[in-house]
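**Student:** Predicted model, plus sequence, below.
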Amino acid sequence: MEEITIELAKELFRSEFADVRPISGVVANLVVYTAFTEPGDKIFALPISKGGHISAGPLKSKTGSFIGGTAGAVKGLNVEYFEFNEEEMNIDVDKSIKKIKREKPKLLMFGGSVFLFPHPVKEFVETAQEVGSVMAYDAAHVAGLIGAGLFQDPLREGAAVISMSTHKTLPGPQHGMVVGKKECFEEIKRATFPGLVSNHHLNCVAALSIALTEHLKFGKEYAKQIIRNAKKLGESLYERGFKVVAADKGFTESHTLLVDISEYGDGAAIEKELEKANIIVNRNLLPWDIREGRHYEHPGGIRLGTSEVTRLGMKEQDMEEIADFMKRVIIDKEKPEKVLNDVKEFKKSFQEVHYCFETAAEAYQYIKIRK
Ligand SMILES: Cc1ncc(COP(=O)(O)O)c(C=O)c1O
């Protein structure tokens, strides 16, 4: 079963190897750190405020306050940040290259938890070779889009490996995985076992094999609709008066939207109000929040994702309805309990899971496990 899952993962990600044993996205990142770095080494990643994930964070900030990120706290790595261009909402290539040449990190960690646009990867290949950095890409969020051939193609762009969790835009079980180029296979395998897993949650691997099979069959259609819905939701919110980040750039190329809601309250309060109406979003730091004195518990933004609603069959016209519900709660300050009734009514038409086989047997037939 593990071998079948490995083959499916290789096919979906067009990779030379896959290790399906890491039990989560954080563990997959630790596998990458263990394969390519030693404690005390320097790595580059994005800070949380610019879309990075805590698993690529340092132990402490430059000013000494506790962060507790996995890379620093668990692996003892010295985390430096990519430079970020707030206008482009992306890594600043020129400034980051200068910093990499100066700092000579062992590992460049692309990807993250909030990125609207593909990260520049091929732009760093030459510099990475020059200073001896391995290029890795954390696709926890965008794995399903990448597997479907959309968003970007990190392995072809120059990344040696992609780490991921398997339960976001790739709609599988809660699990992790690393795929990549064959020259890294031995290091990744050794880092995974004996480094990071002993027994490795085969129940999740079984579920992952089904999810990968479904994504091979339905992923393109699903991922396309996720991105269409995200763009449409961005546009619909913008038309209703929301400050959607990157409006001048078409809002997003991924499943994610970032909305500056600081004029209506803070991200925590808005998140709670929306939840009362059964609209689930999360508070999120905006790239400029820390500079403006905001804190991650009370940030100026909310982050939205369209993978779940798309999976339930929603299309572009439904994004307009969602934007209306959000406007009623956040801008019009209607009682969320009242909006809740309309949300429940709307949701009644979306009770089935789409982009999947009707039965497990169909998945088996699809991959021709049975002789
Ligand atoms: C970019 C990124 N990496 C890693 C993780 C961690 O994944 P997991 O929760 O599967 O450990 C996340 C989860 O939010 C993430 O966004």
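**Tutor:** It's in. Numbering: from 1, shown residues only.
**Student:** CA only for contacts and neighbour counts going forward, please
**Tutor:** Noted.
**Student:** And the pLDDT at Ile369?
**Tutor:** Note on Ile369: pLDDT of 56.
**Student:** how about the strands in the stretch 51-200 of the chain?
**Tutor:** 78-81, 84-85, 90-91, 107-111, 134-138, 161-167, 171-180 (DSSP state E, counting those that start in this stretch).
**Student:** Buried ones in the first one, by neighbour count?
**Tutor:** Residues Asn78, Val79, Glu80, Tyr81 are the ones in strand 78-81 that count as buried (16 or more other C-alpha atoms under 10 Å).
**Student:** so which of the strands of the stretch 51-200 of the chain gets nearest Lys189?
**Tutor:** Judged by C-alpha to C-alpha, the one of the strands of the stretch 51-200 of the chain that comes nearest to Lys189 is strand 171-180, at 9.5 Å.
**Student:** Now find how far off-centre that closest one is within its chain.
**Tutor:** Put simply, strand 171-180 sits 12 Å off its chain's centre (C-alpha atoms, centre = their mean, to the nearest Å).
**Student:** What lies in contact with it?
**Tutor:** 9-10, 13, 15-28, 144, 155, 159-167, 188, 204-205, 207-208, 210-212 (C-alpha atoms under 8 Å, 6 or more residues apart in numbering).
**Student:** before we move on, the earlier item: any chance of the buried residues of strand 78-81 in a markdown table, with distance to Pro39 and pLDDT too?
**Tutor:** As requested, the buried residues of strand 78-81 are arranged in a markdown table below (distance: C-alpha to C-alpha, whole Å; pLDDT from 0 to 100):
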| residue | distance to Pro39 | pLDDT |
| --- | --- | --- |
| Asn78 | 8 | 98 |
| Val79 | 11 | 98 |
| Glu80 | 14 | 98 |
| Tyr81 | 17 | 98 |
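**Student:** what's the most distant pair in these?
**Tutor:** Among the buried residues of strand 78-81, Asn78 and Tyr81 lie farthest apart (C-alpha to C-alpha), at 10.1 Å.
**Student:** Any stretches of the stretch 1-150 of the chain with poor pLDDT?
**Tutor:** Residues of the stretch 1-150 of the chain meeting the criterion pLDDT under 70: none.
**Student:** mind redoing it with 90?
**Tutor:** Low-confidence segments of the stretch 1-150 of the chain, defined by pLDDT under 90: 62.
**Student:** Kindly identify which of the buried residues of strand 78-81 also come near the ligand.
**Tutor:** When C-alpha under 6 Å from any ligand atom is applied, no member of those is adjacent to the ligand.
**Student:** Near the ligand, which residues of the protein are found?
**Tutor:** Ser24, Gly25, Val26, His53, Gly112, Ser113, Asp138, Ala140, His141, Ser165, His175.
**Student:** so what's the second one up against?
**Tutor:** Translated: Gly25. Contacts of Gly25 (C-alpha under 8 Å, 6+ apart): Ala140, Ser163, Met164, Ser165, Thr166, His175, Gly176, Met177.
**Student:** So which of the strands of the stretch 51-200 of the chain has the densest surroundings on average?
**Tutor:** Compared across the strands of the stretch 51-200 of the chain, strand 161-167 shows the largest average neighbour count, a mean of 27 (mean count of other C-alpha atoms under 10 Å).
**Student:** now the angle between strand 107-111 and that one, please.
**Tutor:** 40 degrees (axes from the mean of the first three to the mean of the last three C-alpha atoms, to 10 degrees).
**Student:** got the CA positions of strand 161-167 in CSV?
**Tutor:** Output of strand 161-167 as CSV, limited to C-alpha atoms (Å, rounded to 0.1, in the frame of the first residue of the first chain):
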residue,chain,number,x,y,z
VAL,A,161,12.2,19.0,-2.7
ILE,A,162,8.6,20.0,-1.8
SER,A,163,7.3,19.3,1.7
MET,A,164,3.6,19.5,2.4
SER,A,165,0.6,18.5,4.5
THR,A,166,-2.0,16.6,2.6
HIS,A,167,-5.2,18.2,3.9
